[in-house]
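Trainee: structure for the following, please:
(chains A and B)
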Amino acid sequence: AQRVTQPEKLLSVFKGAPVELKCNYSYSGSPELFWYVQYSRQRLQLLLRHISRESIKGFTADLNKGETSFHLKKPFAQEEDSAMYYCALSGTAGSNYKLTFGKGTLLTVNP
Amino acid sequence: ETGVTQSPTHLIKTRGQQVTLRCSSQSGHNTVSWYQQALGQGPQFIFQYYREEENGRGNFPPRFSGLQFPNYSSELNVNALELDDSALYLCASSFPVGDYGYTFGSGTRLTVV
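Mentor: Here you go, the predicted model:
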């Protein structure tokens, strides 16, 4: 079974501080991992995916298969980063195209 | 290029009734997925449609059904509504099948009383 765990419901940091949103997953195979973000009054949107190895808006995430983690990091948080962040997983085998989401972490960046 | 649009935005139904939610996929996208997001939870996969056929289903009972039309728009139907069906229903489109870069709609907020 696929499972995504985001241990922190709420995370509050000050502007300029480093931020790390934790994500652990459970999947018997090679998953694809994603981070989605939802800003206030906006729709859910893709932030980044591990296979593209990009840095989006200063955020990076490294897939650690040994620790089954995909933590999202940013060295210097900005106020506009305040949003709800969801980690999601999809299996790559067969026709399993569904995304399994974690419960989300609400990030607040204080001035 | 238009995004994913869902209608209606809000809906109130009585327990036992039936409801139909609609989704227009982003231009050029031929795959539509539906998700249910209960309060305080992440979205949960209901099912996916590709070329008018169901292409995967989550752990939802048969009273949740769907359709995809030749123009790739889609409907989600829920029969015999229960109080626990109250949630935000999200539609997401993508292209091609297997591309997980979904574009999400704003959702339909369903309240069952």
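Trainee: quick one: contacts for the residue in chain A that chain B sits nearest to?
Mentor: In chain A, the residue that lies nearest chain B is residue A:101 (3.2 Å; C-beta to the nearest C-beta). Where you see a C-beta, it was placed from the backbone N, CA and C, and this is true even at glycine. By C-beta atoms under 8 Å, 6 or more residues apart in numbering or on different chains, the contact list for residue A:101 reads A:4, A:36, A:86, A:87, A:88, B:35, B:42, B:43, B:44.
Trainee: sticking with the third one, tell me its helix or strand.
Mentor: It stands for residue A:86. Using DSSP states H and E, residue A:86 sits within strand A:83-91.
Trainee: and that strand, does that touch chain B?
Mentor: Yes. Looking at strand A:83-91 against chain B by C-beta under 8 Å from any C-beta of the partner chain, the contacts come from A:86, A:88, A:90.
Trainee: my read: the last one touches residue B:33, true?
Mentor: No. With contact defined as C-beta atoms under 8 Å, residue A:90 does not reach residue B:33; the gap is 10.8 Å.
Trainee: run a quick neighbour tally on residue A:52.
Mentor: 11 (other C-beta atoms under 10 Å in any protein chain shown).
Trainee: repeat that for residue B:51.
Mentor: Residue B:51 has 11 neighbours, counted by other C-beta under 10 Å.
Trainee: which residue is the nearest non-sequential neighbour of it?
Mentor: Nearest residue to residue B:51, sequence neighbours excluded (C-beta to C-beta, 6 or more residues apart in numbering or on different chains): residue B:30, at 6.5 Å.
Trainee: that neighbour touches residue B:95, doesn't it?
Mentor: Yes. The pair residue B:30 / residue B:95 is scored as a contact, 5.4 Å apart, by C-beta under 8 Å.
Trainee: alright, calling it a day.
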